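J.: Show me the folded form of this:
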Amino acid sequence: MEQNAVDQYRGDWQNIMDHFIEGCLILDAEGRCVYVNHAAMEHLRRPQHELIGASYPDIFRGVEFADAVSVIHDCLGGRREKSVEVATPLNDGSRRVLELKVMPQNEFLLLLSQDTTSQKEAERGRREAEDRLNAAFHSSPAGIALSRKHDGKFIDVNEETCRIYGFTRDEIIGKTSVELGILEAEARRGLLETLKTHNSLRNHPLQLRRPSGEIREVLFSWEAVEIQNEACMVATIVDITEQKKLYEQNLQLQRLDTIGSLAGGIVHDMNNILGPILMALTIIKRKISEPGDKHIVELLETNAKRAADLSRQILTFARGSEMKRAPLDLGLVVKEVNKLIESTFPANILCRLEMPKGLWHISADATQVHQLLMNLSVNARDAMPNGGELAFEAENASITQDDSRLFRGLNAGLYVLLKVSDEGMGMTPEIREKIFDPFFTTKEVGKGTGLGLSTVSTIVRNHGGFLDVYSEVGKGTQFRIYLPAVESESAVHTQREMLEAVQGNGELILLVDNDAIIREIATISMRAAGYKVLNAADGTEAIGLYGKHMHEVSLVITDFEMPSMNGDVLVQVLRKMNNSARIVGSSGSEERSKFEASGINAFLPKPYTSESLLRFIRDTLRQTL
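T.: Below you'll find the predicted structure:
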């Protein structure tokens, strides 16, 4: 009766085990199978008669079960449980993933197998989705930033956000936009209030401030999300700074087109009115003998001529006027303008001319070049009410194909660079951006038309040249004008001699600039001239390179407008590393006095050509040797 009860118990136990979802095998102390349920047979894809009595190496034969055999071997006679993951091939070419748990008992081993294929597939799918999301996050052309809602601290940002903000990822994570100086605290509070009202922000126009002080125009979108039970904010930042500039330029061009359409008719009518007046005044002046009356007529004549000159400037500005380009000696035109300045300008305005021998002829309209020089001279005079020096300097310049990428599309070729400098009041960056706008003037009403520099810009553009301006409040202004030269045989010969004269002797130059194009072009030019070059995209990279090559570097050329570490900070660090380091500061907009205060040896204004860069390096190395 007792045996029957045991058999009954065993039968009930086996019946229960046979219906387990988990596979179950029992091995005796010799490692032979004494029991297997239906789930285990299905997992192993073998019938019961092949498994009962079989040893564990036979049960788990096959490459896919090699780990299982090793684990069972270790567990026989032991007391520690072990688990192993195995995979079995299916008919459709896929694989079933099993988790096999080996549990030593007193006189046998209990093996439990669980099919984890679906869980593994789900986990793999989740990882792939995370990888896709991560790739989309980091490669997005828009900035994406994740922050905590309650304190605003950044949790994660992508590469585009770093570029827009001007900080590295490590500098951003754990900080707030207010702590980084990107946003004012009041601006962030305003965004949060807007979010409370509308639940989300979409393409909200916003201005962000980079560490260099540069303002970026962005479209800002904000969405509240919950991540791991924490309230967070996802921001999408689209940088529209360049698009906005292009839009404003397009509006400007539209206005210019409108002015151009009107200018012809206006000037025609003005000339029809002024012509008879000027002729009549000439006749009247001959017939008048009274000095007082004659003076009045002369005043009328002067103002009528001024009006005629203004009409010509309007036409030149709006339509470019007709040009008769021919080989022209710029030096002669400058000398003619100098004579006019000496006879008409106040005595406290002193002129300095530097027109070197061998200056190439330019291909230009003499009348328009004369007008260009007079407009710049009058501007310089008005900027120096207490007197000062007005300088005209010219030099030959060669623009390579690579250089043209830095000069707003200026074609490669031979040019004459004319620099017109004054010691006047200078301009703020805000004014400097507007000086070429038509009718913009800082002069009092009645003392300026706002067309002088617009006309200069138009003349340069119509000649296929390039115009740049550098100005500093209280330090004066310099206009740099590139005008196409006549490509004569002598000019090409002179160009070749100039390039040969600036060859290096293997000196090592460290170039630091966050603009990849400038680094590429300058590096190619310097290496072609016989220099060795190291280049860095930011101050941190520059410090690392300088630390490795300190005793080899002959000259450091660094930009001053860089994210994360400005040039003035870099100069201070390099000076601490090596007080006798030769360092050149370079910029196209920052104030030169700021550079000089930081302890640079020389200043290289941007944009520069390959030729001017090489000549500058040669001269700087000679001065500091």
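
J.: Can you check what pLDDT the model gives Cys162?
T.: If you check Cys162, the pLDDT there is 91.

J.: Just give the nearest non-adjacent residue to it, would you?
T.: Using CB to CB, 6 or more residues apart in numbering and skipping the chain neighbours, the partner closest in space to Cys162 is Arg169 (5.6 Å). Placement of C-beta: from N, CA and C, glycine included.

J.: so what's the one you found up against?
T.: Listed by CB atoms under 8 Å, 6 or more residues apart in numbering, the contact partners of Arg169 are 157, 159, 162.

J.: how does it look with 10 Å?
T.: Arg169 makes contact with 154, 156-159, 161-162 under the criterion CB atoms under 10 Å, 6 or more residues apart in numbering.

J.: want to try CSV for the residues you listed, with secondary structure as columns?
T.: Below are the contacts of Arg169 laid out as CSV (DSSP: H, G, I helix; E, B strand; the rest coil):
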residue, secondary structure
Phe154, strand
Asp156, strand
Val157, strand
Asn158, coil
Glu159, helix
Thr161, helix
Cys162, helix
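
J.: if we take those, which one ends up nearest to Pro563?
T.: Pro563 lies nearest to Cys162 out of the contacts of Arg169, by CB to CB, at 8.4 Å.

J.: picking that back up, what pLDDT does the model give the residue nearest to Cys162?
T.: So, for Arg169, pLDDT stands at 88.

J.: circling back to that earlier point, any chance of the contacts of Arg169 in a markdown table, with distance to Arg61 and neighbour count too?
T.: Output for the contacts of Arg169, formatted as a markdown table (distance: CB to CB, whole Å; neighbours: other CB atoms under 10 Å):
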| residue | distance to Arg61 | neighbour count |
| --- | --- | --- |
| Phe154 | 56 | 24 |
| Asp156 | 49 | 17 |
| Val157 | 53 | 24 |
| Asn158 | 51 | 21 |
| Glu159 | 52 | 14 |
| Thr161 | 56 | 23 |
| Cys162 | 56 | 19 |
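
J.: right, and the pair among those with maximum separation?
T.: Phe154 and Glu159, at 14.0 Å, using CB to CB across those.

J.: Quick check, central residue of this protein?
T.: Most central in the chain under CA atoms, centre = their mean is Asp515, positioned 6.6 Å from the mean C-alpha point.

J.: how near is that one to Arg95?
T.: From Asp515 across to Arg95, the span is 52 Å (CB to CB, to the nearest Å).

J.: same check, this time on Asp402
T.: When Asp402 is compared with Arg95 (using CB to CB), they lie 56 Å apart.

J.: ok, the residue nearest to Met526 when sequence neighbours are not counted to Ser404 distance?
T.: Distances taken as CB to CB, 6+ apart put Val533 closest to Met526, at 4.9 Å, once the chain neighbours are dropped. To Ser404, Val533 is 21 Å away according to CB to CB.

J.: quick one: terminal-to-terminal distance for stretch 79-96?
T.: Terminal residues of stretch 79-96 are spaced 29 Å apart (CA to CA, to the nearest Å).

J.: burial of Met526, as a residue count?
T.: Residues contacting Met526 under the criterion other CB atoms under 10 Å number 23.

J.: do the one 4 residues further on as well
T.: Residue crowding around Gly530 was assessed by other CB under 10 Å; the count is 13.

J.: Go ahead and confirm it touches Leu508.
T.: No: with contact defined as CB atoms under 10 Å, Gly530 and Leu508 do not form a contacting pair (11.5 Å).

J.: tell me the phi and psi of Leu110?
T.: Backbone torsions for Leu110, taken as degrees, to the nearest 10, come to phi -100, psi 120.

J.: sorry, back to before: what bridges to the residue nearest to Met526?
T.: Note on Val533: beta-bridge partners by DSSP bridges are Ile509.

J.: Give me the buried stretch members for stretch 454-469, please.
T.: By neighbour count, with 16 or more other CB atoms under 10 Å as the criterion, the buried positions of stretch 454-469 are 454-460, 462-469.

J.: coming back round to it: what's the spacing between the residue nearest to Cys162 and Pro205?
T.: From Arg169 to Pro205 the distance is 26 Å (CB to CB).

J.: now do Pro346
T.: 48 Å.

J.: which parts of stretch 329-341 are buried?
T.: Buried-residue list, stretch 329-341, by 16+ other CB under 10 Å: 330-331, 333-334, 337-338, 341.

J.: ugh, typo on my part, it should be stretch 113-133
T.: Result for stretch 113-133 [16+ other CB under 10 Å]: buried residues 113-115, 117, 120.

J.: Stretch 234-246 now?
T.: By 16+ other CB under 10 Å, the buried positions in stretch 234-246 come out as 234-240.

J.: Do I have it right that Lys244 meets Val238?
T.: No: Lys244 lies out of contact with Val238 (CB under 10 Å); the separation is 11.3 Å.

J.: Could you pull out the residues contacting both of those two?
T.: Common neighbours of Lys244 and Val238 (CB under 10 Å, 6+ apart) are 217-218.

J.: and Arg126, which of the three is it?
T.: Using three-state DSSP, the three-state assignment for Arg126 comes out as helix.

J.: no, scratch that, I was asking about Leu453
T.: At Leu453 the chain is in helix, as set by three-state DSSP.

J.: Also Phe392?
T.: Following three-state DSSP, Phe392 is assigned to strand.

J.: Give me the neighbour count for it.
T.: Close neighbours of Phe392, defined as other CB under 10 Å, add up to 24.

J.: so it makes contact with Gly331?
T.: Yes: counting by CB under 10 Å, Phe392 touches Gly331, with 9.2 Å between them.

J.: who touches both of those two?
T.: Common neighbours of Phe392 and Gly331, counting by CB under 10 Å, 6+ apart, are 353-355.

J.: low pLDDT regions in the stretch 1-150 of the chain?
T.: Applying pLDDT under 70 to the stretch 1-150 of the chain flags residues 1-16, 19, 62-63, 77, 91-93.

J.: For it, which segments are assigned as strands?
T.: 23-28, 33-36, 82-89, 95-104, 108-115, 143-148 (DSSP state E, counting those that start in this stretch).

J.: how about those in a markdown table, adding distance to Arg432?
T.: Shown next, in a markdown table, are the strands of the stretch 1-150 of the chain (distance: least, CB to CB, whole Å):
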| stretch | distance to Arg432 |
| --- | --- |
| strand 23-28 | 80 |
| strand 33-36 | 88 |
| strand 82-89 | 69 |
| strand 95-104 | 68 |
| strand 108-115 | 73 |
| strand 143-148 | 29 |
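
J.: where do the helices sit along the stretch 51-200 of the chain?
T.: According to DSSP state H, counting those that start in this stretch, the stretch 51-200 of the chain carries its helices in the segments 56-59, 66-75, 117-139, 159-165, 169-172, 177-180, 185-198.

J.: Quick one: distance of the second one to the chain centre.
T.: The reference is to helix 66-75. Helix 66-75 sits 59 Å away from the centroid of its parent chain (CA atoms, centre = their mean, to the nearest Å).

J.: And for the third one?
T.: Centroid separation between helix 117-139 and its chain, computed with CA atoms, centre = their mean, is 32 Å.

J.: packing partners for it?
T.: If you count contacts as 3 or more CB pairs under 10 Å, 6 or more residues apart in numbering; DSSP states H and E, helix 117-139 packs onto strand 82-89, strand 95-104, strand 143-148, strand 154-157, helix 159-165.

J.: Can you lay out those as a markdown table showing distance to Ser580?
T.: Listed next are the helices and strands packed on helix 117-139 as a markdown table, based on distance: least, CB to CB, whole Å:
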| stretch | distance to Ser580 |
| --- | --- |
| strand 82-89 | 64 |
| strand 95-104 | 67 |
| strand 143-148 | 42 |
| strand 154-157 | 40 |
| helix 159-165 | 35 |
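
J.: That's all I had, so thanks and see you.
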